[in-house]
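Participant: I'll drop the sequence and a predicted model, then ask my questions.
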Amino acid sequence: RDEADAEDAVQDTYLAAMQSAPPREGKVRPWLGGIVRNIARNRRRSELRRASREARVARPDRVSGAAASSERLAWQQRVVEAVLALDPKYRDVLVLRYYEELPPREVATRLDLPVNTVRTRTRRAIERIRGVFDAKYGGRRAWSAAIAGLLLGPAVPSAGISKLAVA
């Protein structure tokens, strides 16, 4: 499955073939195939055992402590503040779309708007929030990584709203 592993298996096969004699009947190909299969099987078994040992002794990561949680909450608050600062026609669409996690058709029904208007307002609202974040937080790369942390971190009640900034 992996080119480097295949090359290692080939080298191990040559080494094993040189250390033992081929059969006397002259059927070298099946003999060599058996060596390759045995080596591949042994390598796979060894890899599974190593993974099992590592899983048994692995310690849980303690990276996401109180500081990381506080940082996630601060970014979530920034996103919510940016949404609340929008013109109501954009804010309402985003709240229904991302906080309530409704599909565009349902948002359109609730706001009595055409679906394409909902999609357009969603796109424009996200562009406005991105523009604010670009100006305020040092460019897209700086803040998008932090926002992605909201999506990957522990669930919080309004984590859905954070999706809009990276959408």
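Facilitator: Nice, I can see it.
Participant: Could you check how many residues crowd around residue 79?
Facilitator: Residue 79: 25 surrounding residues under other Cβ atoms under 10 Å. (C-beta placed from N, C-alpha, C; glycine too.)
Participant: meant to ask about residue 78, not that
Facilitator: Residues near residue 78, counting by other Cβ under 10 Å: 20.
Participant: mind listing what it touches?
Facilitator: 133, 137 (Cβ atoms under 8 Å, 6 or more residues apart in numbering).
Participant: So which residues of the protein form helices?
Facilitator: 3-19, 28-57, 66-84, 88-94, 104-111, 115-136, 140-152, 159-166 (DSSP state H).
Participant: taking those together, which one is wrapped up most tightly?
Facilitator: Most buried of the helices of the chain by mean neighbour count (mean count of other Cβ atoms under 10 Å) is helix 159-166; its value is a mean of 20.
Participant: circling back to that earlier point, export the helices of the chain to CSV and append columns for mean pLDDT.
Facilitator: Putting the helices of the chain into CSV (pLDDT from 0 to 100) gives the following:
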stretch, mean pLDDT
helix 3-19, 85
helix 28-57, 88
helix 66-84, 84
helix 88-94, 95
helix 104-111, 94
helix 115-136, 92
helix 140-152, 72
helix 159-166, 50
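Participant: Skipping its backbone neighbours, what lies nearest residue 110 in space?
Facilitator: residue 96 (6.1 Å; Cβ to Cβ, 6 or more residues apart in numbering).
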